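Colleague: Sequence first, predicted coordinates after that:
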Amino acid sequence: MSGHGDAQPMTSAKCGPLKGTASVPGDKSISHRSLIFGAMAVGETTITGLLEGQDVLDTAKAMRAFGATVTRHGEGAWSVNGVGVGGFQEPADVIDCGNSGTGVRLIMGCMATTAMTATFTGDASLRKRPMGRVTDPLALFGAQAYGRKGGRLPMTVVGAANPVPVRYALPVASAQVKSAVLLAGLNAPGQTVVIEREPTRDHSERMLLGFGAALSVEKTAEGNVITLTGRPELRPQTVAVPRDPSSAAFPVCAALIVEGSDVFVPGVSQNLTRNGLYLTLVEMGAEIEFQNPREEGGEPVADLRVRFSGNMKGIEVPPERAPSMIDEYPILSVVAAFASGKTVMRGVKELRVKESDRIDAMARGLEANGVKIEEDEDTLIVHGMGAGGMLGGATCATQLDHRIAMSFLIAGMAAKKPVSVDDASPIVTSFPIFESLMNGLGADISRG
């Protein structure tokens, strides 16, 4: 059972060619940040293309609890009247972030340097995820955090009354941690510096600059050194949210493995910190055309034309690529099962602390569907069975993880026997139109 209601089993059966246009929702990372930065600006920020999945709606609710006025005007069209940096009010109730690790970690960051107390919780999946990776650097600013054993939610954060700027080297490649520290640095005097050895998605840096923050990024022998000057007045913006490359991955990968498919996916973000999956698929032999490259909302985007690719080969995915595709390894492992030879994914231990232990969830589910798997703490190896080679026929445990659920439903479209998932209800957190979009292209996904 998910934190959003009763379990919803689904089954996906082998289907004919997928055809048509897959207009996927707005980018989840940018949607979260547009609401949060809008709340920290002075004046009205307008947003188009906002992802209206449950994760983002929970962030909108949280911004209201901290005093911002957040209004929905129509599908994907929102406005935020912000309260300024340091202007958050203490929330009257517990902040429930649902399933969203991005939401809770970024929101902790933006209140940690204001003299207030806030308590955070989430659904069963989020309450299992470690928060120490964020609360440890926030403590350097002077904030205090009190949570369950292992640094888990529910957790109360006491913001620093007299915050100090920090210099922090990220111990793990995490855009969430980086962003939380930068958000905390907004209300600290002086300069806050974040050092990342491996580049991670840079939406926060791009958007902070757009909202008027004084921020610089320098490439050094240590890695990227990001310097933020605290206590700016952020200016409200007009934000056009590009389509989410992580959501686009599902119709793209489905088209690659379902014989005869030809699918068009418009306006997908091509941010270099997010495009690792697409580089990997091309290296495997995927037939993907990147058409009409352009910039929208400060982000590079392109239209994708994707055709069935029955001759894909397994490859070794460079471990340094992991930060740019960390959310896409589950669906990549499905594609790998329909390629020839083995696909080796190293440097992926971060998958073990996502919404679920994604290495374990994918390994067990693929094995149940007849695929040979090898794994260790930091590695997943899939022995491909070629186009149409997966047996299928199993019911897979999603572990309350939206990406696990969608990945196995994609697998069922090309497997010999239908593939089921025990609970597809978490899909609403990130891709609420997944079922209708895929069935509209020709998939055979059914409930129950």
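Modeller: Good, I have the coordinates. Numbering: from 1, shown residues only.

Colleague: ends of stretch 304-314, how far apart?
Modeller: 22 Å (C-alpha to C-alpha, to the nearest Å).

Colleague: oh, I was asking about stretch 261-275
Modeller: Chord length of stretch 261-275, first to last residue, is 22 Å (C-alpha to C-alpha).

Colleague: from memory residue 14 sits against residue 413, does it?
Modeller: Yes - if you go by C-beta atoms under 8 Å, residue 14 and residue 413 touch, sitting 6.7 Å apart. (Glycine included, C-beta is placed from N, CA and C.)

Colleague: what residues are shared contacts of the two?
Modeller: Counting by C-beta atoms under 8 Å, 6 or more residues apart in numbering, the residues touching both residue 14 and residue 413 are residue 444.

Colleague: okay, those two: which has more neighbours?
Modeller: Using other C-beta atoms under 10 Å, the more surrounded residue of residue 14 and residue 413 is residue 413, with 28 against 18.

Colleague: Quick one: the helices in the stretch 101-250 of the chain, in order.
Modeller: Listed in chain order, the helices of the stretch 101-250 of the chain (DSSP state H, counting those that start in this stretch) span 101-111, 132-141, 175-185, 203-210, 245-257.

Colleague: Going by neighbour count, list what's buried in the longest one.
Modeller: Same thing as helix 245-257. For helix 245-257, a neighbour-count test (16 or more other C-beta atoms under 10 Å) marks 245-257 as buried.

Colleague: helix or strand right after it?
Modeller: Once helix 245-257 ends, the next helix or strand along the chain (criterion: DSSP states H and E) is strand 262-269.

Colleague: circling back to that earlier point, out of the buried residues of helix 245-257, who's nearest residue 309?
Modeller: residue 256 (4.8 Å; C-beta to C-beta).

Colleague: can you list the helices of the stretch 101-250 of the chain in TSV and add mean pLDDT?
Modeller: Listed next are these as TSV, based on pLDDT from 0 to 100:
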stretch	mean pLDDT
helix 101-111	97
helix 132-141	97
helix 175-185	97
helix 203-210	95
helix 245-257	98
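
Colleague: and stretch 262-280, average pLDDT?
Modeller: Taken as a whole, stretch 262-280 carries a mean pLDDT of 96.

Colleague: Flag every buried residue along it.
Modeller: So, applying 16+ other C-beta under 10 Å, buried residues of stretch 262-280: 263-271, 273-278, 280.

Colleague: how far does that stretch stretch from start to finish?
Modeller: 19 Å.

Colleague: any weak-confidence spans in this protein?
Modeller: Regions of the chain meeting the criterion pLDDT under 70 cover residues 1-5, 297.

Colleague: make it 90
Modeller: 1-6, 130, 173, 295-299, 353-356, 448 (pLDDT under 90).

Colleague: Check it for me, the residue farthest from its geometric middle.
Modeller: With distances taken from the mean C-alpha point of the chain and given as C-alpha atoms, centre = their mean, the most distant residue is residue 162, at 32.6 Å.

Colleague: Run through the residues that contact it.
Modeller: residue 142.

Colleague: Quick one: the strands in the stretch 301-448 of the chain, in order.
Modeller: Assigned by DSSP state E, counting those that start in this stretch, the stretch 301-448 of the chain shows strands spanning 316-317, 340-346, 372-376, 379-385, 395-396, 419-421, 444-447.

Colleague: What of the stretch 151-300 of the chain?
Modeller: With DSSP E, counting those that start in this stretch as the criterion, the stretch 151-300 of the chain has strands at 152-158, 167-169, 191-196, 215-220, 223-229, 238-240, 262-269, 287-296, 299-307.

Colleague: What is the fifth one packed up against?
Modeller: With contacts defined as 3 or more C-beta pairs under 8 Å, 6 or more residues apart in numbering; DSSP states H and E, the secondary structure elements packing on strand 223-229 are helix 175-185, strand 191-196, strand 215-220.

Colleague: now the ones you listed in TSV, with distance to residue 132 and mean neighbour count?
Modeller: Shown next, in TSV, are the helices and strands packed on strand 223-229 (distance: least, C-beta to C-beta, whole Å; neighbours: other C-beta atoms under 10 Å):
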stretch	distance to residue 132	mean neighbour count
helix 175-185	10	27
strand 191-196	17	22
strand 215-220	26	13
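
Colleague: so who does the residue nearest to residue 300 when sequence neighbours are not counted touch?
Modeller: Leaving aside its chain neighbours, residue 300 sits nearest to residue 270 (4.5 Å; criterion: C-beta to C-beta, 6 or more residues apart in numbering). Counting by C-beta under 8 Å, 6+ apart, residue 270 touches 245, 278, 290, 293, 299, 300, 301, 302.

Colleague: Identify whichever of the strands of the stretch 151-300 of the chain lies nearest to residue 178.
Modeller: strand 191-196 (5.4 Å).

Colleague: Would you mind putting the CA coordinates of that closest one into CSV?
Modeller: The C-alpha trace of strand 191-196 is given here as CSV (Å, rounded to 0.1, in the frame of the first residue of the first chain):
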residue,chain,number,x,y,z
GLN,A,191,29.6,33.6,0.6
THR,A,192,28.5,30.0,0.8
VAL,A,193,30.7,27.6,-1.3
VAL,A,194,29.7,24.1,-2.5
ILE,A,195,32.3,21.9,-4.1
GLU,A,196,31.2,18.9,-6.2
